[in-house]
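J.: below is the structure, and that's it, no one-letter string:
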Ligand SMILES: Nc1ncnc2c1ncn2[C@@H]1O[C@H](COP(=O)(O)OP(=O)(O)OP(=O)(O)O)[C@@H](O)[C@H]1O
């Protein structure tokens with residue numbers, strides 16, 4: 001039977017980007033959130049899997065340059081996305097679970113034009129309009145974002161990011177909480193993205209068929225490669241048979 005998650009997969013075309021974490025530690029309030037993470041990733045479709053609290057979102061935020069590591073380095077094609085924020089706009093875009101945390105402007109056209117303006121492109125409004133046209137959403141131009149559904153807001157976020165044509169698109173569980181038809185529709189839009197996809201999820205079904213999967217556990221790399229999903233699933237089934245929900249150690 002066909003699974004709607006199939007649509008999340010992207011076209012396998014376009015340039016391959018080099019993602020490198022070198023001995024990355026990230027500490028917040030004295031607590032190590034990520035420890036000694038070293039990875040060298042050049043696959044086109046990369047999954048990041050792990051339990052709640054394992055450090056996936058922190059990994060995504062470091063990759064997007066939204067935070068700098070406490071120690072170690074993060075680079076995308078040799079560029080540090082936290083240090084070179086202007087370059088980062090063209091290198092990496094990130095789509096979070098909650099579009100309300102991402103949208104700043106009252107209307108769709110303002111929101112889509114914002115990143116383009118930051119990038120310093122000529123005539124950002126015309127470029128934003130062209131993006132709306134390409135997505136078949138020209139009629140959304142002056143719509144108030146607060147009047148849109150969650151799925152529609154998520155599409156506004158996706159259009160805003162893809163307008164900037166980033167080399168890497170990070171998905172931090174953007175489909176959680178959306179109904180199946182909305183997920184399928186958004187996934188179809190995603191299928192037009194031909195850069196490097198980094199998809200963060202706690203659900204192995206989201207990442208089936210991905211080229212490379214990174215498994216994070218308690219802030220460290222537990223495993224990586226093509227076979228990691230099976231090992232992760234086995235381990236989750238094993239842990240699910242126990243009672244670690246009562247564990248307050250982390
Ligand atoms: N800004 C912060 N301040 C304090 N603790 C934080 C902060 N950001 C993350 N943490 C903690 O770091 C750990 C890892 O968080 P992170 O969000 O990266 O994990 P995750 O794997 O994405 O989890 P989930 O699947 O639940 O979203 C969690 O225990 C979280 O509470």
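T.: Happy to help now that I have it. Values in this document were obtained by computation on a predicted structure and should not be read as measured data.

J.: up against the ligand, what does this structure have?
T.: Applying C-beta under 6 Å from any ligand atom, we find that the chain lies next to the ligand at 28, 29, 33, 50, 52, 53, 54, 55, 56, 57, 58, 202. The way it works is simple: take the backbone N, C-alpha and C, and place the C-beta from them, glycine included.

J.: could the residues you listed go into CSV alongside neighbour count and secondary structure?
T.: Below are the residues of the chain next to the ligand laid out as CSV (neighbours: other C-beta atoms under 10 Å; DSSP: H, G, I helix; E, B strand; the rest coil):
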residue, neighbour count, secondary structure
28, 11, strand
29, 5, coil
33, 20, strand
50, 23, strand
52, 6, coil
53, 15, coil
54, 22, coil
55, 23, coil
56, 22, helix
57, 19, helix
58, 21, helix
202, 17, coil
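
J.: need the max-distance pair from those.
T.: The distance between the two most remote of these (C-beta to C-beta) is 23.8 Å, for 29 and 202.

J.: can you give me the buried ones in the lowest-mean-pLDDT helix or strand in the chain?
T.: Sorting the helices and strands of the chain by mean pLDDT, DSSP states H and E puts helix 180-190 at the bottom, at a mean of 82. Neighbour-count burial for helix 180-190, counted by 16 or more other C-beta atoms under 10 Å, picks out 182, 183, 184, 185, 186, 187, 189, 190.

J.: now stretch 166-178
T.: So, applying 16+ other C-beta under 10 Å, buried residues of stretch 166-178: 166, 167, 168, 169, 170, 171, 172, 173, 174, 175, 178.

J.: the least confident helix or strand of the chain - contacts with which helices or strands?
T.: For helix 180-190, the packing partners by 3 or more C-beta pairs under 8 Å, 6 or more residues apart in numbering; DSSP states H and E come out as helix 150-163.

J.: now do the helix it packs on, average pLDDT.
T.: Over the span of helix 150-163, the pLDDT mean works out to 92.

J.: what angle separates it from helix 180-190?
T.: With axes from the mean of the first three to the mean of the last three C-alpha atoms, to 10 degrees applied, the angle from helix 150-163 to helix 180-190 works out at 10 degrees.

J.: so which bits of helix 150-163 are buried?
T.: Buried positions in helix 150-163, judged by neighbour count with 16+ other C-beta under 10 Å: 151-163.

J.: can you give me the helices in the chain?
T.: For the chain, the helices defined by DSSP state H cover 56-63, 85-91, 108-119, 124-134, 150-163, 180-190, 228-240.

J.: tabulate the ones you listed (JSON lines), appending distance to residue 20.
T.: Listed next are those as JSON lines, based on distance: least, C-beta to C-beta, whole Å:
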{"stretch": "helix 56-63", "distance to residue 20": "10"}
{"stretch": "helix 85-91", "distance to residue 20": "13"}
{"stretch": "helix 108-119", "distance to residue 20": "24"}
{"stretch": "helix 124-134", "distance to residue 20": "30"}
{"stretch": "helix 150-163", "distance to residue 20": "22"}
{"stretch": "helix 180-190", "distance to residue 20": "25"}
{"stretch": "helix 228-240", "distance to residue 20": "19"}
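
J.: quick revisit: got the residues of the chain next to the ligand as CSV, with distance to residue 230 columns?
T.: Shown next, in CSV, are the residues of the chain next to the ligand (distance: C-beta to C-beta, whole Å):
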residue, distance to residue 230
28, 32
29, 36
33, 27
50, 15
52, 20
53, 22
54, 18
55, 21
56, 19
57, 24
58, 25
202, 16
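
J.: quick check, nearest of these to residue 105?
T.: Nearest to residue 105 out of those is residue 57 (C-beta to C-beta; 24.1 Å).
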